[in-house]
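Participant: Next come a sequence and a model predicted from it.
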Amino acid sequence: MRRISSSMTVWHKRVFPAIWFGLLGVYFFFAVRHRPLLIVPVAIAAAMMLFGFFVMRAYVWDLADEVLDGGDRLVVRKGALEQTLLLRDVAEVKITRNSDPTRLTLVLAVRGVLGDKIVFAPAFAAASLVPFSRHPLAKELEDRIAMIKKNR
């Protein structure tokens, strides 16, 4: 099976948030311990933690850990859960390129263990850097889904 999800997902989901919240936690700790208490540094640290939490919740923590391509099916792993989905059950393929990481969303016609949408960061493809072009993996999946549905 070919891995079609990014190998950097662990970085985006685990390592970067640990660094973000760890450094802000240290900053917040020392800002609170400072006497006299300066409210601006404490408020800035708290605001950055909240901002980071909401951004990561919206763009990173919902990503699948690994997506493997098995021809007419995809194997999706997210935490302890694993779902095998047939390409014929995918209703729509959406790509969001203006975020980091790039997000590929598979909208499912049939709700599965992981819900009605599978979101993952696709593996890097140099062709994805061409402006105004369709992401190669999104195009490949759309074409394969269309072929499967046509041959039913």
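Facilitator: Looks like it arrived, so ask away. Numbers count the residues shown, from 1 in each chain.
Participant: After the lengthiest strand in the chain, which helix or strand is next? Please name it.
Facilitator: Ranked by number of residues, the top strand in the chain under DSSP state E is strand 103-112. Per DSSP states H and E, the first helix or strand lying C-terminal to strand 103-112 is strand 115-120.
Participant: For the most centrally placed residue in the chain, give its distance to residue 108.
Facilitator: Closest to where the C-alpha atoms of the chain average out (CA atoms, centre = their mean) is residue 63, at 3.2 Å. The gap separating residue 63 from residue 108 is 16 Å, by CB to CB, to the nearest Å. All C-beta atoms are positioned from the backbone trio N, CA, C, and that covers glycine.
Participant: quick one: low-confidence parts of the chain?
Facilitator: 127-128 (pLDDT under 70).
Participant: Using the record's assignment, carve it into domains.
Facilitator: Domain assignment for the chain by automatic domain parsing gives 2-59, 66-150.
Participant: okay, those domains in CSV with mean neighbour count next?
Facilitator: Below are the domains of the chain laid out as CSV (neighbours: other CB atoms under 10 Å):
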stretch, mean neighbour count
domain 2-59, 14
domain 66-150, 15
